[in-house]
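Engineer: Give the three-dimensional model of this entry:
(chains A, B, C and D)
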Number of protein chains: 2
Amino acid sequence: MELQDGRDKFIQSWGTLGSNWGINRTMAQIHALLLIAPEPLCAMDIKEKLTISMGNTNMNIRQLMDWGLVYKKLKSGERKEFFVAEKDMWEVIKKIVIQRKKKELEPVLKILDEISAVDGHCHDSDEFCKVIKDIKLFSNKADSLLDTLIKADSNWFTKSFINMIK
Amino acid sequence: MELQDGRDKFIQSWGTLGSNWGINRTMAQIHALLLIAPEPLCAMDIKEKLTISMGNTNMNIRQLMDWGLVYKKLKSGERKEFFVAEKDMWEVIKKIVIQRKKKELEPVLKILDEISAVDGHCHDSDEFCKVIKDIKLFSNKADSLLDTLIKADSNWFTKSFINMIK
DNA sequence: AGTAACTTTCAGTAACTTTTGAAAGTAAAA
DNA sequence: TTTTACTTTCAAAAGTTACTGAAAGTTACT
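Structural biologist: Okay, the predicted model is just below:
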């Protein structure tokens, strides 16, 4: 496969995969484009390479910056803004984990706390409370595990991983 | 909070949370309803409790069974089918992990393999290949880690977890 | 075989999400 | 201060996904 084909395929595929991940297609494509771009790109470059609208380009660059996956990079002598992607994959993973935890796990913890306030007086409520308690147990574990991961370095991941499977 | 309020809140919330998880609202609500149901329920019970259509009920029960989160339970003397949820939370988590791995991770591995066929001849392609290689490294690790998790028992999770954070 | 009880399918519709493009906003340069 | 080069916003359009209801299919009792 030729380099350019590989790049195109990566950008297209990343977009499709993104949707399976709850990330919108354009956001994932911009991320892919910047990840493999040898030079910083400006909004116009991105708009043209992906043939998308300005508004779409801007919104998604902004969101990638909010996630910490893309940074602004000013070139001296140039007025417009350029963008680069975070290239350290371990950082990328951590940034994504932070967002997914926020979106997927934290609301669960919040709801479970609210529901735990159910009075446990009869047999039926004991059963209900047990289900909630079990879910809470695993959610809390997952929460601490992810917190540890977010603080850890790449090396730790490899090491713990080896411990885990042996 | 009263028991019935707690149940209603759980079902409603689980539906909302489901959508943040890439699971559709109805599927999540049916799952919640069955999780806390003291008795097996039939399709009609579910349809009525959630005030949704037959078709919707049927499709989502089916998908929950495909995922292994809900089982058919025949009552002797009754012709219609009843359903119960898997109540062991560790099993529930594993079943969900299996599905998410299939949807989110496996397509990534597939694409990366295809892209790895890019010829590495010049400086630019080296850079491109490095990005792909890095992603592949972490994806493969995540893949094995999840495989281990899927095979493990609940106890292992707790133990490894303690090892991991210390 | 006929009928009744229940389950499944599917085309059309509704609800939600993403994208566009034009207009408004901002700030450096003339 | 005006122009110019760029960025941001937002309402409407396009695209996507979920839901309904009616019709077709299945099974099991008479």
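
Engineer: From B:A28, how far off is A:G15?
Structural biologist: Distance, A:G15 to B:A28, using C-beta to C-beta, to the nearest Å: 27 Å. (Each C-beta comes from the backbone N, C-alpha and C, glycine too.)

Engineer: Can you name the residue of chain A nearest to DNA strand C?
Structural biologist: When distances are taken as C-beta to the nearest atom of the strand, chain A reaches nearest to DNA strand C at A:G55, 2.1 Å away.

Engineer: is it true that that residue lies in a helix?
Structural biologist: Yes - if the criterion is DSSP: H, G, I helix; E, B strand; the rest coil, then A:G55 is within a helix.

Engineer: any chance you could map the helices in chain A?
Structural biologist: Along chain A, the stretches classed as helices by DSSP state H are A:3-20, A:25-35, A:43-50, A:54-67, A:89-100, A:106-115, A:123-151, A:154-165.

Engineer: Return the residues of chain A in contact with DNA strand D.
Structural biologist: A:19, A:42-44, A:54-55, A:58-59, A:61-62, A:78-81 (C-beta under 7 Å from any atom of the strand).

Engineer: Need the buried ones from those selected in PyMOL.
Structural biologist: Filtering the residues of chain A next to DNA strand D down to the buried ones (16 or more other C-beta atoms under 10 Å in any protein chain shown) takes a single PyMOL command:
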select buried, chain A and resi 42+43+61
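
Engineer: Could you identify the most distant pair in the residues of chain A next to DNA strand D?
Structural biologist: A:S19 and A:R79 (34.8 Å; C-beta to C-beta).

Engineer: what's the closest non-adjacent residue to A:Q99?
Structural biologist: Among residues not flanking A:Q99 along the chain, A:W67 sits closest, at 5.6 Å (C-beta to C-beta, 6 or more residues apart in numbering or on different chains).

Engineer: To clarify, my last question referred to A:T57.
Structural biologist: A:K47 (4.5 Å).

Engineer: What residue in chain A is the furthest from its centre?
Structural biologist: A:C122 (42.9 Å; C-alpha atoms, centre = their mean).

Engineer: How much space separates the spatially most central residue of chain A from A:M65?
Structural biologist: Central residue of chain A (C-alpha atoms, centre = their mean): A:I96, 2.2 Å from the mean position. As judged by C-beta to C-beta, A:I96 and A:M65 stand 14 Å apart.

Engineer: Could you tell me how many residues sit around A:N140?
Structural biologist: For A:N140, the neighbour count with other C-beta atoms under 10 Å in any protein chain shown is 13.

Engineer: Make sure it is actually in contact with A:L109.
Structural biologist: Yes - between A:N140 and A:L109 there is a contact under C-beta atoms under 8 Å: 7.3 Å.

Engineer: confidence score at the residue nearest to A:T57?
Structural biologist: Model confidence at A:K47, expressed as pLDDT, equals 96.

Engineer: close enough to count as contact, A:Q29 and A:K9?
Structural biologist: No - the criterion here is C-beta under 8 Å, and A:Q29 misses it with A:K9 at 12.0 Å.

Engineer: Could you check which of the two has the larger neighbour count?
Structural biologist: Comparing A:Q29 with A:K9 by other C-beta under 10 Å, the one with more neighbours is A:Q29, at 23 against 16.

Engineer: give me the number of residues near A:V92?
Structural biologist: 20.

Engineer: Quick check: closest non-adjacent residue to it.
Structural biologist: A:E86 (5.6 Å).
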